[in-house]
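# Have a look at this prediction, sequence included:
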There are 2 protein chains.
Amino acid sequence: MEKSGRKTLVLSSSDIEEIVNDIGIDEVMDTLIDRMTLAFIKYDPAQTIIPIRSGFNYIEPNTGLIEWMPLFNKKENQVVMKMVGYHPDNPADFKLPTIVSTISSYDTRTGHLVGLMDGVFLTALRTGAASAMASRILGHPESAVLGLIGCGAQSITQLHAISRLFDLKKVLFYDNDPATSDSFIERAAMLNLKTEFIPMSIDLLVEQSDIITTATSLGVGEGPLFSNLNTKKHLHINAVGSDFPGKTELPIDLLKDSCVVPDFKEQAIKEGECQQMDLADIGPEFFECIQNKEKYQALKNQRTVFDSTGLPLEDQVVMDLFLEYAEQLGLGYSMSIEKLSKDAKSPYDFMYLNKAESIKKELPIDSITPAERQAKVRINK
Amino acid sequence: MEKSGRKTLVLSSSDIEEIVNDIGIDEVMDTLIDRMTLAFIKYDPAQTIIPIRSGFNYIEPNTGLIEWMPLFNKKENQVVMKMVGYHPDNPADFKLPTIVSTISSYDTRTGHLVGLMDGVFLTALRTGAASAMASRILGHPESAVLGLIGCGAQSITQLHAISRLFDLKKVLFYDNDPATSDSFIERAAMLNLKTEFIPMSIDLLVEQSDIITTATSLGVGEGPLFSNLNTKKHLHINAVGSDFPGKTELPIDLLKDSCVVPDFKEQAIKEGECQQMDLADIGPEFFECIQNKEKYQALKNQRTVFDSTGLPLEDQVVMDLFLEYAEQLGLGYSMSIEKLSKDAKSPYDFMYLNKAESIKKELPIDSITPAERQAKVRINK
């Protein structure tokens, strides 16, 4: 008989914090970028099945959607499921982030739930790591000026991840909300970067940057963010914010003049910058670039866009890493959640196997008949 | 600002056992049948959205599937998601049940994960409750002879639930596995039923029963279980076992001669007894029968089949009931799983808000440059 776990490791939000505090956020990010890079190098769509996400969307009581992003990794006998809530009114109405999410992992040998953890912080981390990974494959190796359009939560992890792989001399930043722009340097300070931070108009930022990440909360149909096409000729853009039907951030003319590399083409044409493009004009998917480095080497000197809508492969990598850290540090709650009987044919066995004395209490002789019970239950109300 | 929870109530398998021991299994089952009946009476497919389940199926390393069964209840601002693993080799290979499952519930105002619990025991309970509910609407009110074809785990909860609404004089039972048949009376004994238990051939069982539940582990293409059509003219069958493409238990001629009422028609035509039928010959869905009792009153005196493939509405009812019990009894682990920052724009804030002294430890001055780090990470391996 093979061994298979029956316990589920549930990480609380403080377990996640403790992992990051114990391991160190730089070490976590470096390892994550490393693991994610390897995962894309090994990624085989025939072995790792990723259906396009689906979900429920609604406008009552608030505009929102809850969607599920499943992945099946045949080689690793693993299903990963990320549940994602997107509710733009959360910050104002509930002091909650727009994205609220959890990730779970299942063993396909038995169907057992192996682990459950946060998907909010982990998504921010893995989205940052993905941009760093893409910038390294598609961006100019001597990129030293990073432009950030949109200075919310994602900008911190974008900056952190990219700073781990590029020797940034300048960080140019823009947010249309002055308070968000004003607090950015302070929020980024804990990264201890020896880098100049310069608030800047979008147009100048676009002209001066080697790498740009766009991650704004632009509404549907409100794009593009800018129309200036006077960029460096090797500019690489991580297009992170476009992740919803109708929401795009970049000007069509820039996309037409760039090699646009989606993380997940089928999804990007519905939710990403690729919505704006003819199918024939879309470049290779990212895994093709990383698996054929020589073929795509020239992209480093051209304009490129990483159309990042989020691939569940990234969720698998970040979840596995945090499960590994939790086990290494002895963190998390190891629980039996699935109620498995000792006798697989007796779902009620727990009532008599260990508690013979309690049976009388549980199953008193009824004072009413089943017919009276039929009359009692509320079908006629 | 409206109130919204940020904690997730996770029930362990022992919490489920404690709930049942504290409340009493009869009281749990009666309440569940009652709640489920009300839920079907109120069920409005325009308000409760139930997509057909989807999932991954595979034959390596073992035959199996992992599928998700989502439900969106607009009125109650709730999404319920059941994850179900179906692995027929589990008992032999891992001493685990064929079905391993968990259920989770989300608040559609925010996307927050409200609760997570077992879906193995709860599915057995709700499937039993559904058969009792259907037998009451479709079966003869004086039914006194229950026939059980298949005496595994499901038979216990089927018997229990139906015995709560019908004054059973005889329970006839059949299982093609002698050991399962032999242990059935012992496994059912804890229900304290004042009923005669009689092992019987399928053909005789079919002739003598008022109500039958079929719940066997018949393989794909191995049906039907019997061909005897000489039944009581008011026979009601709960067809529980047919839940997989190609797996059916009942003879076509019996279906043609009965009113076949699926719990979920769209699913039943792919996985249930309805697979064998022409669309035009399928009866109303169960919620239509319960919502139009007078119109379908005559069915009690006719042959009927409840084609039970499992409607997520039943999972919502049983999950809500157990969440309610857990809160009432103070059981379960109330945890923060989603990692929400104090400052929604600073995912790293926990590293400096409460731990200023630890920043140095977390973010040491690097001894290597980002370029050296690029060289270090394993892209070339």
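Sure thing, it's come through.

# The residue in the stretch 201-350 of chain A that chain B sits nearest to: what's it in contact with?
Closest contact between the stretch 201-350 of chain A and chain B, by CB to the nearest CB, is at residue A:339 (3.9 Å). In short, each C-beta sits where N, CA and C put it, glycine included. Contact analysis of residue A:339 by CB atoms under 8 Å, 6 or more residues apart in numbering or on different chains lists B:13, B:16-17, B:118, B:120-122.

# Among those residues, which ones lie close to chain A?
Of the residues in the contacts of residue A:339, proximity to chain A by CB under 8 Å from any CB of the partner chain holds for B:13, B:16-17, B:118, B:120-122.

# Show me how to select, in ChimeraX, the buried members of these.
The buried residues among these can be selected in ChimeraX (16 or more other CB atoms under 10 Å in any protein chain shown) with this line:
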select /B:13,16,17,118,120,121,122
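
# Compute the first-to-last residue distance for stretch A:329-336.
This stretch, stretch A:329-336, spans 20 Å end to end (CA to CA, to the nearest Å).

# try stretch A:163-175
End-to-end distance for stretch A:163-175, by CA to CA: 20 Å.

# quick one: buried residues of that stretch?
Those would be A:163-168, A:170-175, for stretch A:163-175 by 16+ other CB under 10 Å.

# do that stretch and chain B meet?
Yes: looking at stretch A:163-175 against chain B by CB under 8 Å from any CB, the contacts come from A:163-168.

# just stretch A:209-218 next, same as before
No: judged by CB under 8 Å from any CB, stretch A:209-218 stays clear of chain B, getting no closer than 10.8 Å.

# in chain A, which helix or strand is least confident?
Using mean pLDDT, DSSP states H and E, helix A:359-362 stands out as the lowest-scoring helix or strand of chain A, at a mean of 41.

# What is the subsequent helix or strand relative to that one?
Sequence order places helix A:370-376 as the next helix or strand after helix A:359-362, per DSSP states H and E.

# by contact count, what packs against that next one?
Helices and strands touching helix A:370-376, by 3 or more CB pairs under 8 Å, 6 or more residues apart in numbering or on different chains; DSSP states H and E, are helix B:153-165.

# Could you rerun that using 10 Å?
Other helices and strands packing on helix A:370-376, by 3 or more CB pairs under 10 Å, 6 or more residues apart in numbering or on different chains; DSSP states H and E, are helix B:25-42, helix B:121-138, helix B:153-165.

# Please see if the helix or strand just after the first one touches chain A.
Moving toward the C-terminus from helix B:25-42, the first helix or strand encountered (DSSP H and E) is strand B:48-49. Yes: contact check for strand B:48-49 against chain A, using CB under 10 Å from any CB of the partner chain: residues in range are residue B:49.

# Just give me how far strand B:48-49 sits from the chain centre.
17 Å (CA atoms, centre = their mean, to the nearest Å).

# Residues contacting that strand, please?
Strand B:48-49 is contacted from outside by A:56, A:58, B:39, B:42, B:70-76, B:78-80, B:287, B:311-313, B:316, using CB atoms under 10 Å, 6 or more residues apart in numbering or on different chains.

# in its sheet, what does it sit against?
strand B:64-73 (antiparallel) (DSSP bridges).

# And the average pLDDT for the strand it pairs with is what?
The average pLDDT within strand B:64-73 is 96.

# could you point out which element follows it?
Next helix or strand after strand B:64-73 toward the C-terminus (DSSP H and E): strand B:78-86.

# What is the burial count for residue A:262?
25 (other CB atoms under 10 Å in any protein chain shown).

# Just the pLDDT at it, thanks.
Predicted confidence (pLDDT) at residue A:262: the value is 98.

# same check, this time on residue A:348
So, for residue A:348, pLDDT stands at 94.

# where do the helices sit along the stretch 201-350 of chain A?
Listed in chain order, the helices of the stretch 201-350 of chain A (DSSP state H, counting those that start in this stretch) span A:202-208, A:252-256, A:265-271, A:286-291, A:312-329, A:350-353.

# Which positions in the stretch 151-300 of chain A make contact with chain B?
Checking the stretch 151-300 of chain A against chain B by CB under 10 Å from any CB, the hits are A:151-157, A:160, A:162-168, A:175, A:177, A:179-180, A:183-184, A:186-194, A:290, A:293.

# Try it again at 8 Å.
A:151-153, A:156-157, A:160, A:163-168, A:180, A:183, A:187, A:190-192, A:290.
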